[in-house]
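Chemist: Here's a sequence, model it:
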Amino acid sequence: MNVLITGGCGFIGFNLSMFLRKKGFSVVAMDNLVRKGVEISRDILEDNDIRFVHGDVRNIEDFSNVDKKIDIILNTAAEPSAIEGYKNPYFDFTNNFLSVVNVLELARKNRIKVIQWSTNKVYCGDKVNSIKRKELETRFEFDDENYNDGIDESFSVDGNDHSIYGLTKLSADLFCQEYARAFDLNIIINRFSCLAGEWQWGLPKQGWFSWWPIAFAYNFPISYIGWKGKQLRDILYVKDICELILKQIEGIDDFKGEVFNVGGGIKNTMSLMEATDYLENKFGFKPEIKFEERPRRADQCVFVNNIGKVSSTFNWEPKVNPESAMDNISGWVRENKELLDKVYK
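Modeler: Okay, here's the model as predicted:
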């Protein structure tokens, strides 16, 4: 099977490219190489017999650079920061929505299957934050029995507090659902929560879980923006993501616009404070911590995906807990310090 991975040099795209190539797939990784560090990922892909195509999903003409018939597109390309959209909304619109329309048009005209990367930010911040919650010593948690297992796919996407990023991703999410039904296309939409793993060039504004061990390694300050660092997320490790996507590729013929909430689920949660405490105990020192009382606009204090639907549909569940994921990322940082120096020094 021929697989095109857009955003192929980014965190998820890179890991999927390597994983699927080892499984015997023919992989084309397409990327515009604008994010710092991705040139390193590109070189590794090419060294592993993965074809790289320089292209931007915002330009539909760039898809002509892919010189083989594609069976499925894994659309991981995006502007992933929930902050940048307030600086330049049109940039988010073209990266996270218009680009997806280009992918869908390519799929419609050539009968290509699609797995679309969506986000928990399709669920409006004010509605998520209206769920009753309780404050514990190191975290907030939902305190409503209706959400004992987290938020499922039936939760409303209405509201005006998505962030610009979330709004553009929601628009793309809905377009994928509509295209699948209107044009009889095999499309799966995954609404991911917090993803983490090796080869994520984490930053304070995005990719926080991978940023934490990088910050510890380089003695960068840690920031708690709102909720005293007790905001809670379910963590999904990259190898668990890859295993799920393989199952979805194998079963995608049964789905036309199906939506799945995907994450670590209720068993794999961690707060910012808990991540800091874990690394302090691991490395034996305390970083500088900066506190901002006011949360970011449209942020969610607690978000945990209910993964019951995706787990039962694909006979899949996460195997790597947040502590093991943090250990693995910390090991990757240590073993690849020379490469990371090029990005973070």
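Chemist: Three-state assignment for the closest residue to Cys194 other than its chain neighbours, please.
Modeler: Once flanking residues are discounted, Cys194 sits nearest to Arg233: 4.1 Å by C-beta to C-beta, 6 or more residues apart in numbering. Where C-beta positions appear, they are placed from N, C-alpha and C, glycine not excepted. Following DSSP: H, G, I helix; E, B strand; the rest coil, the label given to Arg233 is strand.
Chemist: Could you pull up the contacting residues of Arg233?
Modeler: Residues near Arg233 by C-beta atoms under 8 Å, 6 or more residues apart in numbering: Ser193, Cys194, Phe209, Gly263, Thr269, Met270, Ser271, Phe303, Val304.
Chemist: from those, which is closest to Arg334?
Modeler: Among the contacts of Arg233, Phe209 lies closest to Arg334 (C-beta to C-beta), at 16.7 Å.
Chemist: Mind checking which of the contacts of Arg233 are in helices?
Modeler: Phe209 (DSSP state H).
Chemist: could you dump the contacts of Arg233 to CSV with pLDDT?
Modeler: CSV is the format used below for these (pLDDT from 0 to 100):
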residue, pLDDT
Ser193, 97
Cys194, 97
Phe209, 97
Gly263, 99
Thr269, 99
Met270, 99
Ser271, 99
Phe303, 99
Val304, 99
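Chemist: just the buried members of the contacts of Arg233?
Modeler: Burial by neighbour count, 16 or more other C-beta atoms under 10 Å: within the contacts of Arg233 this picks out Ser193, Cys194, Phe209, Gly263, Thr269, Met270, Ser271, Phe303, Val304.
Chemist: quick one: the first one and Glu323, what's the gap?
Modeler: To tie it back to what came earlier, the one meant is Ser193. 17 Å (C-beta to C-beta, to the nearest Å).
Chemist: What of the third one?
Modeler: Phe209 sits at a distance of 12 Å from Glu323 (criterion: C-beta to C-beta).
Chemist: Dihedrals phi and psi, Ser223?
Modeler: Phi and psi for Ser223, reported as degrees, to the nearest 10, are phi -120, psi 130.
Chemist: is it true that Leu74 touches Met1?
Modeler: No: the criterion here is C-beta atoms under 8 Å, and Leu74 misses it with Met1 at 11.4 Å.
Chemist: Give me the contacts around the one helix or strand Glu338 maps to.
Modeler: Taking DSSP states H and E as the criterion, Glu338 maps to helix 337-344. The contact list for helix 337-344 (C-beta under 8 Å, 6+ apart) reads Lys36, Gly37, Ile40, Trp201, Ile214, Ala217, Tyr218, Phe220, Val333.
Chemist: which residues does the second one contact?
Modeler: Which is Gly37. With contact taken as C-beta under 8 Å, 6+ apart, Gly37 is in contact with Trp201, Lys342, Val343.
Chemist: Write the ChimeraX selection for whichever of those are buried.
Modeler: Applying 16+ other C-beta under 10 Å to the contacts of Gly37, the buried members can be selected in ChimeraX as follows:
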select :201,343
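Chemist: I'd like the contacts of Gly37 as TSV, with pLDDT and distance to Phe175 appended.
Modeler: Shown next, in TSV, are the contacts of Gly37 (pLDDT from 0 to 100; distance: C-beta to C-beta, whole Å):
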residue	pLDDT	distance to Phe175
Trp201	91	28
Lys342	93	37
Val343	93	33
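Chemist: Looking at Leu74 and Met1, which is more packed in?
Modeler: Leu74 (27 against 14; other C-beta atoms under 10 Å).
Chemist: which non-adjacent residue is nearest Leu279?
Modeler: Take Leu279 and drop its neighbours on the chain: the residue closest to it by C-beta to C-beta, 6+ apart is Phe216, 5.1 Å away.
Chemist: Name the next helix or strand following the helix or strand where Val114 lies along the chain.
Modeler: According to DSSP H and E, Val114 maps onto strand 113-119. Next helix or strand after strand 113-119 toward the C-terminus (DSSP H and E): helix 125-129.
Chemist: after that following helix comes which helix or strand?
Modeler: strand 133-135.
Chemist: Could you list the buried residues of that following strand?
Modeler: Arg133.
Chemist: Show me what it pairs with in its sheet, parallel or antiparallel.
Modeler: strand 140-142 (antiparallel) (DSSP bridges).
Chemist: For stretch 201-215, give me every contacting residue.
Modeler: 11, 35-38, 80-84, 194, 196-197, 200, 220-223, 233, 235, 270, 272, 275-276, 279, 287, 322, 325-326, 329-330, 333, 340, 343-344.
Chemist: cool, stretch 276-291 as well?
Modeler: 138, 212-213, 215-216, 219-224, 228-229, 270, 323, 326-327, 330.
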